[in-house]
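J.: no sequence on this one, just coordinates:
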């Protein structure tokens, strides 16, 4: 599949889906990264999907990107989840360029479009608290860190990350930077042996004395406290990530219906199908709410709250719908050949992204009661 400039990103994703689906089971069973699928994504032009047209990309908005990822998830959850990490790392600077007129992001976005660079995210290991150690040296910082959950690590060009710097007075700040994956001070450790999402290649990335010049530090913020940039990140990124889990649940539902139709009808199966579709609809409605919040283009503590409520609801109901799909399918769902057990394993990943259930409930409760939320994450 070559570049198709006249088609929507969702249409391109749909055209790639059959070939991606054909490889999904083999990738899952071998714990291999979805290398061939990433090659297809590059050839198709989806790498630059979120880059504004003016900067050489396709200019897709968050809702369009979410639809693209949801469609890819029907074919292969691992491909979609890994690609969501690149997609949100491009969508965030694109949003800042469009809506906050931040010119500093232009060089990165232009490179993504021109060179089809893959950006990496180290996910939860670089959340509000930060991780790793940044030591101040002449002209910059020396960074030592281990970044876990780095999806697509072997395909990436730049890891968008950070590290914690502790000043002499004990104050802690997080510096943010892009780490070149080809640097000799950066290595990948093959640690990804997991229940589900086995093809994401979410291995550990280790920095040993990586030098980051002062000029390459994009931001320095207080560690362990929400910053306005993280309000943008949370608002824009999570509707994209959770589009993947919604797509997995939708596909699990379709598999279960096909399997159930091959068995004699029963009131129990009819009830299970109804409960499954009800749970799935709840996940779909919650995800639509997340996209509605993004469309307001007003990241804030309030938008974080609403997106994270949606994140919890999508996770809960996507998992529930998939569990009901397993029950509806009966023993047939237990066989790998039918594909349902892989969807069941993959959807469990929805539990683990921030804000997880406990912090999300605390954040939302604090918002409701007029309490501070700056240190709830």
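T.: That came through, no problem. This one's a predicted model, so the numbers in the text were calculated from it and none came from an experiment. Numbers count the residues shown, from 1 in each chain.
J.: mind listing the helices for the stretch 51-200 of the chain?
T.: In order along the chain, the stretch 51-200 of the chain carries the following helices (DSSP state H, counting those that start in this stretch): 62-75, 77-99, 106-115.
J.: in a markdown table: these, plus distance to residue 139.
T.: From N, CA and C alone the C-beta is placed, and that goes for glycine too. Output for the helices of the stretch 51-200 of the chain, formatted as a markdown table (distance: least, CB to CB, whole Å):
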| stretch | distance to residue 139 |
| --- | --- |
| helix 62-75 | 38 |
| helix 77-99 | 25 |
| helix 106-115 | 21 |
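J.: switch those over to a markdown table; also include mean pLDDT, distance to residue 177 and mean neighbour count.
T.: Below are those laid out as a markdown table (pLDDT from 0 to 100; distance: least, CB to CB, whole Å; neighbours: other CB atoms under 10 Å):
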| stretch | mean pLDDT | distance to residue 177 | mean neighbour count |
| --- | --- | --- | --- |
| helix 62-75 | 98 | 25 | 25 |
| helix 77-99 | 98 | 13 | 26 |
| helix 106-115 | 98 | 12 | 18 |
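J.: nearest to residue 354, of the ones you listed?
T.: helix 77-99 (13.2 Å; CB to CB).
J.: now for the closest one, which elements pack on it?
T.: helix 9-30, helix 35-44, helix 62-75, helix 106-115, strand 119-121, helix 228-260, helix 340-347 (3 or more CB pairs under 8 Å, 6 or more residues apart in numbering; DSSP states H and E).
J.: need those in TSV (columns: distance to residue 178).
T.: TSV is the format used below for the helices and strands packed on helix 77-99 (distance: least, CB to CB, whole Å):
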stretch	distance to residue 178
helix 9-30	24
helix 35-44	19
helix 62-75	21
helix 106-115	7
strand 119-121	8
helix 228-260	14
helix 340-347	29
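J.: among those, which is nearest residue 304?
T.: If we rank those by CB to CB, the stretch that ends up nearest is helix 228-260, at 4.7 Å.
J.: just the pLDDT for the spatially closest residue to residue 97 that is not a sequence neighbour.
T.: In this structure, residue 97 finds its nearest non-sequential neighbour in residue 105, 5.3 Å apart by CB to CB, 6 or more residues apart in numbering. Residue 105 carries a pLDDT score of 98 in this model.
J.: what about the closest residue in space to residue 157 that isn't next to it in sequence, how many neighbours?
T.: In space, residue 157 comes closest to residue 117 once its chain neighbours are excluded; the distance is 4.3 Å by CB to CB, 6+ apart. Counted with other CB atoms under 10 Å, the neighbours of residue 117 add up to 18.
J.: who's in contact with the residue nearest to residue 97?
T.: 93, 94, 96, 97 (CB atoms under 8 Å, 6 or more residues apart in numbering).
J.: any idea which of these is closest to residue 16?
T.: Proximity of the contacts of residue 105 to residue 16 was ranked by CB to CB; the top entry is residue 94 with 21.7 Å.
J.: still on that earlier bit, pretty sure the residue nearest to residue 157 sits against residue 109.
T.: No: using CB atoms under 8 Å, residue 117 makes no contact with residue 109, being 10.0 Å away.
J.: which residues in the stretch 101-250 of the chain form strands?
T.: With strands called from DSSP state E, counting those that start in this stretch, the stretch 101-250 of the chain shows them at 119-121, 133-137, 140-150, 158-166, 172-180, 186-189, 203-213, 219-222.
J.: can you list the strands that the first one pairs with?
T.: Strands that pair with strand 119-121, judged by DSSP bridges, come out as strand 158-166 (parallel).
J.: quick check: the most centrally placed residue in the chain vs residue 181, distance?
T.: Centroid check for the chain by CA atoms, centre = their mean gives residue 241 as the closest residue, at 3.6 Å. Note on residue 241: its distance to residue 181, by CB to CB, to the nearest Å, is 21 Å.
J.: got it, and residue 44?
T.: Counting by CB to CB - residue 44 and residue 181 are separated by 22 Å.
J.: and what of residue 298?
T.: Distance from residue 298 to residue 181, by CB to CB: 34 Å.
J.: so, low pLDDT: which residues of the protein?
T.: 1-5 (pLDDT under 70).
J.: per-domain residue ranges of it.
T.: For the chain, automatic domain parsing gives the domain ranges 9-117, 123-222, 228-369.
J.: in CSV: those domains, plus distance to residue 375.
T.: Output for these, formatted as CSV (distance: least, CB to CB, whole Å):
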stretch, distance to residue 375
domain 9-117, 23
domain 123-222, 8
domain 228-369, 10
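J.: so which of the ones you listed gets nearest residue 377?
T.: Taking those one by one with CB to CB, domain 123-222 is closest: 3.8 Å.
J.: next one: the closest one to chain centre, how far?
T.: 17 Å (CA atoms, centre = their mean, to the nearest Å).
J.: next, the contact list for residue 21, please.
T.: Applying CB under 8 Å, 6+ apart, the residues contacting residue 21 are 74, 75, 76.
J.: can you classify the residue located most distally from the centre of the chain by secondary structure?
T.: Distance from the centre of the chain peaks at residue 264, with 39.7 Å (CA atoms, centre = their mean). Under DSSP: H, G, I helix; E, B strand; the rest coil, residue 264 falls in the coil class.
J.: relative to residue 337, how far out is it?
T.: Where residue 337 is concerned, residue 264 sits at a distance of 22 Å (CB to CB).
J.: over to residue 75?
T.: 17 Å.
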